[in-house]
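# Show me the folded form of this:
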Amino acid sequence: MELIVILIIAGIIITSAIRNLYYICQPNEVLIFAGTTRWVPSLHRRVGYRLVKGGSSLRMPLFERVLRLDLTNLIIELKVSGAYSKGGIPLRVEGVANIKIAGEEPVIHNAIERLLGKNREEIKRLAKETLEGNLRGVLASLTPQQVNEDKLAFVRSLQDEAEEDLGKLGLVLDTLQIQNISDDVGYLDSLGRKQRAELLRDARIAEAQAQSQSAIQAAENARLTVFAQLDSEMQIVQAEAQRRIRDAVTRREALIAEIQAEVGAKLARTQADLAVQRERIAQVRQQLQADVVAPAEASCAEAIEEAKAAAAQIIEEGKALVEGMQQLAASWMQGGAYARQIFLLQKLEPLLRALAATVPEVQVQQVTVLDSQSPAMGTVTFLEQVRAATGIDLKQILPQKPADPPAQ
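Prediction:
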C-alpha cells in the first residue's frame, strides 16, 4: 500500500515536472529556448538559442530559459506633416500600416536580437518612426502630382524603401494604405481646380466636336444634293454634246471630201512641176561640172606635180647631205686618234679670226718679263700697282742701279 502511494506521488511529481518543462508553441508566436548554442547556416555563425515555431519542445532544466515572441499584427497610424516633396511643397500624409515581427529565417534573428524583451508599444513606436522616416524620404523624391495621382505607385515606392530598414529590425510590412494626402499651401486644391477646368474644357470640346460633326453631316447632305443636280445637268449636257458630235461628223465628211479634191489638184500640179525641176537640176549639175569641178581638178593635178618636184629636190639634198656625212665619217676614221683635235682646229680657225676682228688695236709701251720664281716679282708688282692707282712712276723717282762694269 505504501509502495502504491509512493508511486502515485512520484508520478504526480514527474507529471508536474514534465508539465513545467514541456512548452507548446501557438501558431501566432515563436518560442525561444535560450541557453544552448547551435550553428545557423543562414547567418554563418553560432547563436545562443534555438527556435520552435508551430510545435512543442522540452526545456532543458537548469540550462535553458524559454521566451515568447508574439507574431501578431501591429496596427500603426501614420501621420506625417510638413514633409517636403520634390519641388519644395510641404505635404501632409495620413495612412495605416500593418506590421508584424518576421517569423521566417534569417529575418527573425534580427527581431530576436533587437526586439526581444520589448513590449508591443515600444515595437510600434520603433516601427512608426522608421516608417515615417521612409515616408519622408519617398515624398522628397516625388512631386505632389505623382503622389496624388498614382497612390499605388507611391505605396510601392514606400514599401520598397521601408523593406530593408524594417528587415534590419526584424519586422515585416504586411499592408500599407494611404488614407489622405493634403498640403497647407493649397497646391493640391489648385491641381484639383486645374483638373476640373480641364474636364470642363474637354466637355466643351466634345460638345463643339459634336456640333461640328452635325454641321459636317449637313454639309455632306447638301453636297450630295448638289452632286445629284450636277449629275442630272451633266447628262443633259452629254446628250447635247452627242448631238453636236453627230452634226460635226456629218460636216467633217463633207469637208474631208472637199479638201481631198483640193489636195488632188495640188498634187497633180506638183507632179507636173517635179519633171521641170528635175531637168533644171540636171542642167545646173552640168554647168557646175564645167565651171567649178573641171578647173578644181586641173588645179589639184598641178599642185600634186609641184609637190612631187619639191619632194624630189628635198630627197636629192638629203642624199647629198648623207653622202657628205659619210665622207666626213670616213675622214674621221682615217684621222685616227687625232681626228677629233684636227676637226676642232679646223673649226677654231674661222672662230679665232672672227674674235680677232672684234679686238681693237692696242699700243704697248712696255713689256716686262719676269720669272715667277724671281724675288723681284713682288717689288715689280707693287710698283705697277702704285703707278696704276696714283699715276706716279716710282721707278723714275728712285735712283737707277749703276751698270755692271765690263768683264776684263
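
# Provide a list of residues in contact with Glu316.
By CB atoms under 8 Å, 6 or more residues apart in numbering, the contact set of Glu316 is empty. Using the backbone N, CA and C atoms, a C-beta is placed for each residue, glycine as well.

# Which helix or which strand is home to it?
Element membership of Glu316, judged by DSSP states H and E, is helix 294-335.

# Please determine how far the one residue sitting closest to the centre of the chain is located from Ala257.
Averaging the C-alpha coordinates of the chain gives a centre point, and the residue nearest to it by CA atoms, centre = their mean is Ser141 (34.0 Å). According to CB to CB, to the nearest Å, Ser141 and Ala257 sit 99 Å apart.

# go on, Leu7?
Leu7 is 156 Å from Ala257, by CB to CB.

# thinking again about what came up before, now the helix holding Glu316: mean pLDDT?
Averaged over helix 294-335, pLDDT sits at 77.

# Only the buried residues of stretch 13-27, if you could.
By neighbour count on 16 or more other CB atoms under 10 Å, the buried set for stretch 13-27 is 23, 25.

# Secondary structure class of the nearest residue to the residue nearest to the centre of the chain once chain neighbours are set aside, three-state.
Excluding its sequence neighbours, the residue lying closest to Ser141 (CB to CB, 6 or more residues apart in numbering) is Lys86, at 6.1 Å. Per DSSP: H, G, I helix; E, B strand; the rest coil, the secondary structure class of Lys86 is coil.

# wait, doesn't Lys86 sit right on Val138?
No. Lys86 sits out of contact with Val138 when judged by CB atoms under 8 Å, with a separation of 10.2 Å.

# Please say which of the two ends up with more neighbours.
Val138 (22 against 14; other CB atoms under 10 Å).

# would you say the more buried one is within a strand?
No. Read with three-state DSSP, Val138 is helix and lies in no strand.

# distance of it from Ala153?
10 Å.

# and what of Gln229?
For Gln229, the distance to Ala153 - CB to CB - is 61 Å.

# Same check on Glu323?
118 Å.

# before we move on, what about Glu105?
31 Å.

# now Leu131
Taken as CB to CB, the span from Leu131 to Ala153 is 18 Å.

# Over to Val292?
107 Å.

# do Val172 as well
21 Å.

# Of those two, give the one with the bigger neighbour count.
More crowded of Val172 and Ala153, by other CB under 10 Å: Val172, with 20 against 12.

# ranges for the helices of the chain?
2-21, 107-115, 120-140, 144-149, 151-169, 187-288, 294-335, 339-358, 377-390, 394-397 (DSSP state H).

# re earlier: thinking in terms of the whole chain, how far from its middle is the helix holding Glu316?
77 Å (CA atoms, centre = their mean, to the nearest Å).

# angle of that helix against helix 187-288?
Helix 294-335 and helix 187-288 are oriented at 100 degrees to each other (axes from the mean of the first three to the mean of the last three CA atoms, to 10 degrees).

# Low-confidence stretches in the stretch 1-150 of the chain?
1, 17, 87, 145, 148-150 (pLDDT under 70).

# tell me, how many neighbours does Val40 end up with?
So Val40, with other CB under 10 Å, has 16 neighbours.

# Show me what the nearest residue to it once chain neighbours are set aside is bridged to.
Closest residue to Val40 apart from its sequence neighbours, by CB to CB, 6+ apart: Val47 at 5.4 Å. Following DSSP bridges, Val47 is listed with bridge partners Arg38.

# okay, now the domains of the chain?
By the assignment in automatic domain parsing, the chain contains the domains 2-69, 71-185.

# Let me know which of these is tucked in deepest.
Scoring the domains of the chain by mean neighbour count under mean count of other CB atoms under 10 Å gives domain 71-185 as the most buried, with a mean of 17.

# Verify the contact between Val96 and Lys79 for me.
No. Using CB under 8 Å, Val96 makes no contact with Lys79, being 10.2 Å away.

# intersection of neighbour lists for those two?
Joint contacts of Val96 and Lys79 (CB under 8 Å, 6+ apart) do not exist.

# per-residue confidence at Leu344?
69.

# Please apply the same query to Pro399.
So Pro399 comes in at 60 (pLDDT).

# Next: the one 3 residues further on.
According to the model's per-residue confidence, Pro402 sits at a pLDDT of 54.

# same check, this time on the one 4 residues further on
Taken from the predicted model, the pLDDT recorded for Pro406 is 49.

# now swap in Leu200 and tell me
68.

# do the same with Val237
86.

# let's have the chain start at 20 instead
Let's use 20 as the start, then, which means that last one is Val256.

# Quick check, Val112 in contact with Val99.
Yes. Applying CB under 8 Å, one finds Val112 in contact with Val99, separated by 4.8 Å.
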